[in-house]
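> with the sequence up front, the predicted model follows.
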Amino acid sequence: KAGVTQTPRYLIKTRGQQVTLSCSPISGHRSVSWYQQTPGQGLQFLFEYFSETQRNKGNFPGRFSGRQFSNSRSEMNVSTLELGDSALYLCASSWGLWGQEQYEQYFGPGTRLTVT
Amino acid sequence: AQTVTQSQPEMSVQEAETVTLSCTYDTSESDYYLFWYKQPPSRQMILVIRQEAYKQQNATENRFSVNFQKAAKSFSLKISDSQLGDAAMYFCAYRSANRGSTLGRLYFGRGTQLTVWP
């Protein structure tokens, strides 16, 4: 079964621009979570989508948004990019159902975003 | 909010030796799951081992085992017979099992960079 895929793998943007990252979960998984990884802050939770609805949200400004489609694929968008948004963005998929929380989140390879 | 602490930013071990990585966490919940993830230079996060909080028995996966001390809120990872391929960043993570909490969220520690010397 195919793993979690993220596109693009690498991205270079300029301050002030906006960017959209894509994540395709494992077939059958309905939950997609997004994380930002930086050397300074470590791994921080952005948000989680389940069945096209945002179920949980981390402590990030409104410039960070996301959505999920009916096929469970998810996108996250960052508007008005800042230098500090440079990071590895990881998405993870899981079944997302209570009673299955013991099962792991499967991570994608990440998108490396560089803001200049 | 739950917090996960890894007090060892870096560790090193000789090939074939044993190393233990430490993790402590803070939570008021009684039901939860703990994980160790490995992130090699490729950046792909890989699950190493999981532990259910309601189980007293420590989880084991081949050369990897944990020492789970619920009362002390401690969750260490022991790697036996270390191999060069074990070199990576290791993250301890917490996930709630509380229906009123955040199911899709993992709380991560800051990680421990493990170096394996030949």
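Received it, and whenever you're ready, just let me know what you need.

> in chain B, which residue sits nearest chain A?
For chain B and chain A, the shortest gap (CB to the nearest CB) falls at B:Gly104, measuring 3.3 Å. From N, CA and C alone the C-beta is placed, and that goes for glycine too.

> now the helices for chain A?
Along chain A, no segments are classed as helices by DSSP state H.

> the closest residue to the residue of chain B closest to chain A other than its chain neighbours: how many residues sit nearby?
The shortest distance from B:Gly104 to any non-neighbouring residue, by CB to CB, 6 or more residues apart in numbering or on different chains, is to A:Glu48 (3.3 Å). A:Glu48 has 28 neighbours, counted by other CB atoms under 10 Å in any protein chain shown.

> got it, and A:Ser74?
25.

> circling back: dump the residue contacts of the residue of chain B closest to chain A.
A:Ser31, A:Ser33, A:Glu48, A:Phe50, A:Arg55, A:Asn56, A:Ser94, A:Gly96, A:Gln105 (CB atoms under 8 Å, 6 or more residues apart in numbering or on different chains).

> nearest to B:Ser30 among those residues?
Distance to B:Ser30, by CB to CB, is smallest for A:Asn56 among the contacts of B:Gly104, at 20.5 Å.

> partner residues bridging that closest one?
A:Glu48 (DSSP bridges).

> tell me the contacts of residue 88?
In the absence of a named chain, chain A is used. Counted by CB under 8 Å, 6+ apart, A:Leu88 has contacts A:Gln36, A:Gln37, A:Thr38, A:Gly110, A:Thr111, A:Arg112, A:Leu113, B:Arg43.

> try chain B instead
By CB under 8 Å, 6+ apart, B:Ala88 lies in contact with B:Lys38, B:Gln39, B:Pro40, B:Pro41, B:Gln113, B:Leu114.

> now B:Ser76
B:Ser76 sits in contact with B:Thr20, B:Leu21, B:Ser22, B:Cys23, B:Val66, B:Asn67, where contact means CB under 8 Å, 6+ apart.

> what stretches of the chain score poorly on pLDDT?
Answering for chain A, as no chain was given. A:1, A:98-102 (pLDDT under 70).

> um, chain B though
B:99-103.

> just the element for the residue nearest the centre of it, please.
Note on chain B: the residue nearest the mean C-alpha position is B:Trp36, at 3.0 Å, using CA atoms, centre = their mean. Following DSSP states H and E, one finds B:Trp36 within strand B:32-39.
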